[in-house]
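Asker: Return atomic coordinates for the entry below.
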Amino acid sequence: MASGFDTAPIFGEDASATRFSQYQSLRNPSIVLAHFGFRLAAILSYVFANLFFSSFIIQFLIILFLLSADFWTVKNITGRLLVGLRWWNFVDGEGKNHWKFECSQDPNRYDDFERKIFWFALVLGPAMWCMLVLIAFFTLKWEWMVVAFLGLVMNGANLYGYLRCKWNSTEELTNYLSRMAFLSMLTRSAKQPPQPHKPAEVA
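Answerer: Next comes the predicted model:
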C-alpha cells in the first residue's frame, strides 16, 4: 500500500469529486447534513443577523427557531441514528423529574466516520457559542450575550446528555475527563525538547 508521500496530491475537479464520493459513501448522508445544518445555520444567523434584518425581535425569533430545531433534531434523531445513543427526561405521577440515558448494545452497527462527525459537531457547537458569549460580553452587547448564552445552554444540554449516555454517572465522566487531561499533559511534556545542561561557572 502506498504511503501518503507516494500518492499524488489531488487538486481541482478531482478533489471535488473525491469529497463528493466521500459524502456519498456515508450511510446516512441526510442525517449527517441535518446534524450540521441547523447548528451551522443558527451560528451564521447570529453572526450575520444585522445584514438581513434590522429588528432585534425578528433576529431573536429566527435564531431561537434554528436553535430549537437543532436541539430537537440532535436529541431525537441524529444521536439515535448515527451513534446509537438516546437521552430524555420525564415527570412521574408524584411530580419527580427522571432522566434516562440509553446506549446501543451493538455499537458495530454504526459507521465509525459518522460517529466522529457526530462528536465533532456536538463539541464544536458549545465551543462556538461560548466564544460568542465572551465576545458579546467584552464588547458590552448584553442582549446578544443573552442570545449566545441561550445557544450555549441548548447545545451544552445535548452535549451533556450524550456524554452521560456513554458514561453511567457523572463521576465516571469526571474521571474520564481528568484522565484525558492528565494524558494530554504527559504527551505535551514528552514532546518538549530537553533543555541543555549549562556547566557550572568556576569562580
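Asker: When you work out contacts or count neighbours from here on, use the C-alpha atoms and nothing else.
Answerer: Will do.
Asker: tell me the mean pLDDT for the longest helix along the chain?
Answerer: Identified as the longest helix of the chain according to DSSP state H is helix 112-138. Mean per-residue pLDDT for helix 112-138: 94.
Asker: mean confidence score for stretch 157-169?
Answerer: Averaged over stretch 157-169, pLDDT sits at 85.
Asker: circling back to that earlier point, how about the longest helix of the chain: buried residues?
Answerer: Using 16 or more other CA atoms under 10 Å as the test for burial, helix 112-138 gives 114-115, 118-119, 121-122, 125-126, 129-130, 132-133, 136.
Asker: Make CSV out of those and add distance to residue 39.
Answerer: Output for the buried residues of helix 112-138, formatted as CSV (distance: CA to CA, whole Å):
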residue, distance to residue 39
114, 17
115, 17
118, 12
119, 13
121, 8
122, 9
125, 7
126, 10
129, 10
130, 14
132, 14
133, 16
136, 19
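Asker: re the thing from before, immediately after the longest helix of the chain, which helix or strand?
Answerer: Moving toward the C-terminus from helix 112-138, the next helix or strand (DSSP states H and E) is helix 142-166.
Asker: which residues are contacting that following helix?
Answerer: 46, 60, 67-68, 71, 74-75, 79, 85-87, 101-103, 122-123, 125-126, 129-130, 132-134, 136-137, 170, 173 (CA atoms under 8 Å, 6 or more residues apart in numbering).
Asker: so the helix or strand where residue 68 lies versus helix 142-166, what angle?
Answerer: Taking DSSP H and E as the definition, one finds residue 68 inside helix 56-73. If you take axes from the mean of the first three to the mean of the last three CA atoms, to 10 degrees, helix 56-73 sits at 0 degrees to helix 142-166.
Asker: Moving C-terminal from helix 56-73, which element do we reach first?
Answerer: Moving toward the C-terminus from helix 56-73, the next helix or strand (DSSP H and E) is helix 79-82.
Asker: CA-only coordinates of that following helix, as PDB, when you get a sec.
Answerer: Written as PDB, here are the backbone C-alpha positions of helix 79-82 (Å, rounded to 0.1, in the frame of the first residue of the first chain):
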ATOM      1  CA  GLY A  79     -27.900  10.700  18.100                       C
ATOM      2  CA  ARG A  80     -30.000   7.600  17.800                       C
ATOM      3  CA  LEU A  81     -29.200   7.000  14.100                       C
ATOM      4  CA  LEU A  82     -25.600   8.000  14.000                       C
END
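Asker: Pull up the pairing partners for the following helix or strand past that helix, direction included.
Answerer: Per DSSP H and E, helix 79-82 leads on to strand 85-91 as the next helix or strand towards the C-terminus. Sheet pairing for strand 85-91, assigned by DSSP bridges, gives strand 97-103 (antiparallel).
Asker: what comes up buried for the helix holding residue 68?
Answerer: If you call a residue buried by 16+ other CA under 10 Å, then helix 56-73 has these buried ones: 59-60, 62-64, 66-71, 73.
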